[in-house]
Structure formats: structure tokens, C-alpha cells
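Trainee: Next comes the sequence, and after it the predicted model I'd like to discuss.
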Amino acid sequence: MSENKDELTNHNIEENKEDSNRDEYEDVCYICRRPESVAGKMIKIPNNICICQDCMQKTFDSMNGAGFNMNDFPNMGGMPNISMINLADMPGFMPNSQKIKKKKPKEEKEPVLDIKSIPAPHKIKAKLDEYVVGQEQAKKVISVAVYNHYKRVAADNADDIEIEKSNMLMIGPTGCGKTYLVKTLARILDVPLAITDATSLTEAGYIGDDIESVVSKLLAAADNDVEKAEHGIIFIDEIDKIAKKKNTNQRDVSGESVQQGMLKLLEGAEVEVPVGASSKNAMVPMTMVNTKNILFICGGAFPGLEDVIKERLNKEASIGFKADLKDKYDKEENLIRQVTVEDIRKFGMIPEFIGRLPVIFTLDALTEDMLVRILEEPKNAIIKQYKKLLAMDEVDLEFEKDALYAIAKKAKEKKVGARALRAIIEEFMLDIMYEIPKDENIGQVTITKDYIEKKGGPVITMRGCMELEDKRA
């Protein structure tokens, strides 16, 4: 009896789950892939398959045209016996990730965004400071732009004053923290965020991701909730890779044409995007998303942009008797700060594209001092990670200040920004991480400058010596 009760309870729980899913998601036609809100009332057939009335009518018409006579099948209710085909087992059957959430009725509609829940700019910057070292101007710009964007979304247009969107373009050398800055921002704000790469985008009709796939990634991040996605943030990395190609005779399918295709997205338009897939095809349901309230942040290293800036500055400073030397700007590390819209246009971005990114700001190249701070200060600093790993073996890990500067110097020489730090530390920590678990008497390891420069080894202190020192203290 108890077993039967358990089976009944489990059956009821599963039925309740199915009912709640039906309430939350709308049905999609198996043939034309249109949702119920577009195609109208669905006809349900076995195996949880839904077909819209248009497709059902077309099926009947085609059957009549093929010479089927319903009266020839009296024992089957006038329908041919197709029960042996299980459509649910077919490869095109719709997974859960391709179901579209129902739009709530207007009378029950609650505001999707509460401006009071979005932290003020100084609070956003304070949180960014915990994870990102330096880049004060960039953190300030991104905090204000995000806060203003959500004020714009929450504002009503009762007074006919419409606030325009503040899409952003961030420029900075590789490894300076562009992507990390946006990832940290996503952690702070409880809004859907999609991080995508411009390198995979191609013109419509060519192999690669369509431009609309950028929005479909945001829709997936919002759990296929269109209303939630329409208030999200999209970060497009490596935006400099879609610049116009110079001196090429081939068709530029991933350059200027992609910029032109993105214009409508950046400005705000209703676009048809695939649900649960990156490209459109006959087996994927489609839905409409309005990009009017989606904030776009574009980032790129723009290699070679310094040469464009240098050329402009040399022209301006090389006329007349007080002309500057041509190599004046060669050793200036943060020349990128002097970038103008004209420089970005010369680099290969079309004017219409730049015009839709009104907030342009730069990130500085990392100095040795900044690299040392990156090693020590952030909440998830690399040194803190290794200290935690060795603490699990009950061993203390210490770094001498000179050793940190030696690591920073090596990283600076590699010219790949903060990404070099991890590679350098992994290299010299390998032997330590391998040897320490062998000896349980090791109590402390101190990394010295000589060890980093391969002139000596780390200082290892045994547990007995540490106890003696504690007693003397």
C-alpha cells in the first residue's frame, strides 16, 4: 500500500511540474515554429506535439490533393494510421532551451526594472575597485553610463522628453582588464548580460554567426524571457576585428558589412532572433526582441591605432619653426588616451557605427606598480589563490616585495598585460606545489627575488623552527 501511495505522490508531483511549465512557457508549432502568441490557438496531438491551425489546414489540403479519401479509413476515425511514428523521437523535436516564455497579461504586469535596486555610480565604482586595480577613469565612465542607462529605461515619456541610449566603446591594450571589467559589472548588477565575440560574426548568407546571434545569447542569459532580455547588457569583445580591411580585392564578409548590419541593433529595432540557437534554420523557433533598451558595450585592443594617432600628432606638431621631433611620441605608453573619433574612422570603423557609440573611453597600459597591486590587492588575486591552495596542506606561503617586483618586470617584458602574471607564477610554483606535499614537516615557503630570477631557491622553514620563533616572540 505504502509503495502505491509513493507512486501516486510522485505522479502528482510530475503532473504539477508539467502544469507549471505549461503556465510559464507558451506552445510552439512543431511545423512552422511560431509561438502561440503569433500563430494563435494550438491543436495538441499525442506525444505533447502542438500544431497551429494554419499548418493543420495545409496538411489536410495536401492530403486531399494527394488523393487520400478519409472514408477509406472507417476504423480509424477517417485518418490514416500514423501512430507508429513517434515524433518526439525525431531529431528536430524541440528541447526545453528553445521554449519561449509567455508574456504576462498587462493588468498583472509589474515593472521589469526598479531604479531603486540599481546601485548609485559611486557604489558601482566602489565594488569595481575591489576586483579591478587602477583604470579610475574607465571605472567612473562605465559606472555613470550604466546608471544613466537604467534611469532612462525606468523613466516615463509623459513629458515627451526621450533620453537617448549611451552605448559605449572601450579601447585599451591587450590584458589591461576590458573583459574583466564587464564581467565584474555583471556580478554587481542583477541584470542579464551576454558576452560575445565579434570575430565569429559574418554577413548574412555566409558561414559563421549572424549578427542577430548576439541578441539570441542575451535571450538565453535571460532564461528566454523576452521582457527581461530587453533590459539587459551586451558586451561585444574584439570589436576592432570587424574594421574595414585595407587594400583587399576579396569580399569583406566579416568587416564593414558586419558593422552595417549592427547599426539597427545599436540604435534600437525589433529583430527576429532564433531561440536556443545561434543561427536561423527551419527547426528553430523565432521570437521578436526590441533592442531599444539594451545597452551595448563594445571593446577592443585596436592594434595599430597608436600609429594613426602618432601620424596625426606629428602632422600637427611638425609645421613651423617650433616643430617637434618626429620621434617625440614613440616612447609614450598611454598615447591611446589622445584618441579621437577621426582616428577610429581612419582605423577602419565606419562613421555611422562610431556615431551609435557616443561614450568612448580608454584604458591605460599596466605599469609595474599596477601589476604588483594586481598580484596582491583584488579579492581573487593570484597570490591569494596560491596561499589558499597551500593552506589546505597547512603550509604558509609568503612573497618578498622584491620578488613581486621581479614578477611584474618579467610580465611587463612579455607585453600581454596582466595575462602574463599567471603564466610566470605557474612556471615557478610548479616545483613547489609538487615537492611540498612530500614532506609534512614543511611549515612555510618564502618566494625570493633570487628564485624568480633563477639565481637561488625559495626559503623553506620547518614546523619545529616556526614553533621556536613563536616562543621567542
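Mentor: Ah, there it is. Residues are numbered from 1 along each chain as shown.

Trainee: helix/strand/coil for the most centrally placed residue in the chain?
Mentor: Geometric centre of the chain, nearest residue: Ile195, 1.4 Å, by C-alpha atoms, centre = their mean. Following DSSP: H, G, I helix; E, B strand; the rest coil, we place Ile195 in the strand state.

Trainee: Can you report how many residues lie near the closest residue to it other than its chain neighbours?
Mentor: Computed as C-beta to C-beta, 6 or more residues apart in numbering, the closest residue to Ile195 that is not its neighbour in sequence is Phe235, at 4.8 Å. Every C-beta, even on glycine, is put in place using the N, C-alpha and C of the backbone. A count of nearby residues for Phe235, using other C-beta atoms under 10 Å, gives 26.

Trainee: Was I right to think the residue nearest to the centre of the chain contacts Val182?
Mentor: Yes. Ile195 is in contact with Val182 according to C-beta atoms under 8 Å; the separation is 6.6 Å.

Trainee: list the residues that contact both of those two?
Mentor: Phe235 (C-beta atoms under 8 Å, 6 or more residues apart in numbering).

Trainee: still on that earlier bit, ok but the residue nearest to Ile195 is inside a strand, no?
Mentor: Yes. Phe235 forms part of a strand when assessed by three-state DSSP.

Trainee: any idea how far it is from Ser213?
Mentor: Distance, Phe235 to Ser213, using C-beta to C-beta, to the nearest Å: 14 Å.

Trainee: again with Lys245
Mentor: According to C-beta to C-beta, Lys245 and Ser213 sit 22 Å apart.

Trainee: who has more neighbours, those two?
Mentor: Ser213 (19 against 13).

Trainee: All the helices of the stretch 151-300 of the chain, in order from the start?
Mentor: Taking DSSP state H, counting those that start in this stretch as the test, the helices found in the stretch 151-300 of the chain are 178-188, 213-221, 226-229, 256-267.

Trainee: Export these as JSON lines, with columns for distance to Lys414 and mean pLDDT.
Mentor: JSON lines is the format used below for the helices of the stretch 151-300 of the chain (distance: least, C-beta to C-beta, whole Å; pLDDT from 0 to 100):
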{"stretch": "helix 178-188", "distance to Lys414": "18", "mean pLDDT": "84"}
{"stretch": "helix 213-221", "distance to Lys414": "32", "mean pLDDT": "86"}
{"stretch": "helix 226-229", "distance to Lys414": "39", "mean pLDDT": "86"}
{"stretch": "helix 256-267", "distance to Lys414": "31", "mean pLDDT": "85"}
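
Trainee: Could I get the buried residue list for the host helix or strand of Ile309?
Mentor: In the assignment (DSSP states H and E), Ile309 maps to helix 305-317. Using 16 or more other C-beta atoms under 10 Å as the test for burial, helix 305-317 gives 305-306, 308-310, 312-314.

Trainee: wait, which of those is closest to Phe428?
Mentor: Glu306 (32.4 Å; C-beta to C-beta).

Trainee: check contacts around the closest one.
Mentor: 335-336.

Trainee: In contact with Lys292, which residues?
Mentor: 165, 230, 268-269.

Trainee: In the stretch 151-300 of the chain, where is pLDDT below threshold?
Mentor: For the stretch 151-300 of the chain, the stretches flagged by pLDDT under 70 are 156-159, 204-205, 207-208, 246-254, 277-283.

Trainee: isn't Gly304 right up against Ile344?
Mentor: No. The pair Gly304 / Ile344 is not scored as a contact, 11.7 Å apart, by C-beta under 8 Å.

Trainee: neighbour count winner among these two?
Mentor: Between Gly304 and Ile344, counted using other C-beta under 10 Å, the more crowded position is Ile344 (24 against 11).

Trainee: isn't there a helix covering that one?
Mentor: Yes. Applying three-state DSSP, one finds Ile344 inside a helix.

Trainee: Pull the residues that contact whatever helix or strand Leu371 lives in.
Mentor: Counting by DSSP H and E, the element that carries Leu371 is helix 368-376. Contacts to helix 368-376, defined as C-beta under 8 Å, 6+ apart, come from residues 133-134, 366, 381-383, 399, 404-405, 407-409, 411-412, 418, 421.

Trainee: try 6 Å this time
Mentor: 133-134, 382-383, 404, 408, 411-412, 418 (C-beta atoms under 6 Å, 6 or more residues apart in numbering).

Trainee: try stretch 333-347
Mentor: 243, 305-306, 308-309, 329, 351, 354, 362, 364-365.

Trainee: Name the nearest of those residues relative to Tyr25.
Mentor: Closest to Tyr25, out of all of those and judged by C-beta to C-beta, is Ile354, at 40.1 Å.

Trainee: Secondary structure class of the closest one, three-state.
Mentor: helix.

Trainee: And for the one 3 residues further on?
Mentor: State at Leu357, reduced to three classes by three-state DSSP: coil.

Trainee: what's the spacing between it and Ile236?
Mentor: In this structure, Leu357 and Ile236 are 10 Å apart, going by C-beta to C-beta.

Trainee: ranges for the strands of the protein?
Mentor: 25-26, 42-45, 49-52, 100-101, 168-171, 193-197, 233-237, 270-274, 286-290, 295-300, 359-362, 396-399, 442-447, 459-462 (DSSP state E).

Trainee: And the average pLDDT for the first one is what?
Mentor: So that's strand 25-26. Strand 25-26 comes out with an average pLDDT of 76.

Trainee: ditto for stretch 120-132
Mentor: 89.

Trainee: Output that stretch as PDB - backbone C-alpha positions only.
Mentor: What follows is stretch 120-132 as a C-alpha-only set of coordinates in PDB (Å, rounded to 0.1, in the frame of the first residue of the first chain):
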ATOM      1  CA  ALA A 120      24.400  54.600  -7.500                       C
ATOM      2  CA  PRO A 121      27.500  55.200  -9.600                       C
ATOM      3  CA  HIS A 122      29.800  55.700  -6.600                       C
ATOM      4  CA  LYS A 123      28.600  52.300  -5.200                       C
ATOM      5  CA  ILE A 124      29.200  50.600  -8.500                       C
ATOM      6  CA  LYS A 125      32.700  52.000  -8.700                       C
ATOM      7  CA  ALA A 126      33.500  51.000  -5.100                       C
ATOM      8  CA  LYS A 127      32.500  47.400  -6.000                       C
ATOM      9  CA  LEU A 128      34.700  47.500  -9.200                       C
ATOM     10  CA  ASP A 129      37.600  48.800  -7.000                       C
ATOM     11  CA  GLU A 130      37.500  45.500  -5.100                       C
ATOM     12  CA  TYR A 131      38.300  43.500  -8.200                       C
ATOM     13  CA  VAL A 132      39.900  45.800 -10.700                       C
END
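
Trainee: Outside of that stretch itself, which residues are in contact with it?
Mentor: So stretch 120-132 is in contact with 139, 143-144, 147, 177, 181, 184, 188, 378-379, going by C-beta under 6 Å, 6+ apart.

Trainee: Outline the domain layout of the chain.
Mentor: Per automatic domain parsing, the structural domains of the chain span 2-94, 115-362, 376-472.

Trainee: Tabulate the ones you listed in CSV, adding columns for distance to Met370.
Mentor: What follows is the domains of the chain, written out as CSV (distance: least, C-beta to C-beta, whole Å):
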stretch, distance to Met370
domain 2-94, 47
domain 115-362, 5
domain 376-472, 8
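
Trainee: buried residues in the helix holding Leu371?
Mentor: Within helix 368-376, the residues that count as buried by 16+ other C-beta under 10 Å are 370-375.

Trainee: returning to what we had before: closest one of the buried residues of helix 305-317 to Pro437?
Mentor: Closest approach between the buried residues of helix 305-317 and Pro437, by C-beta to C-beta: Glu306, at 47.2 Å.
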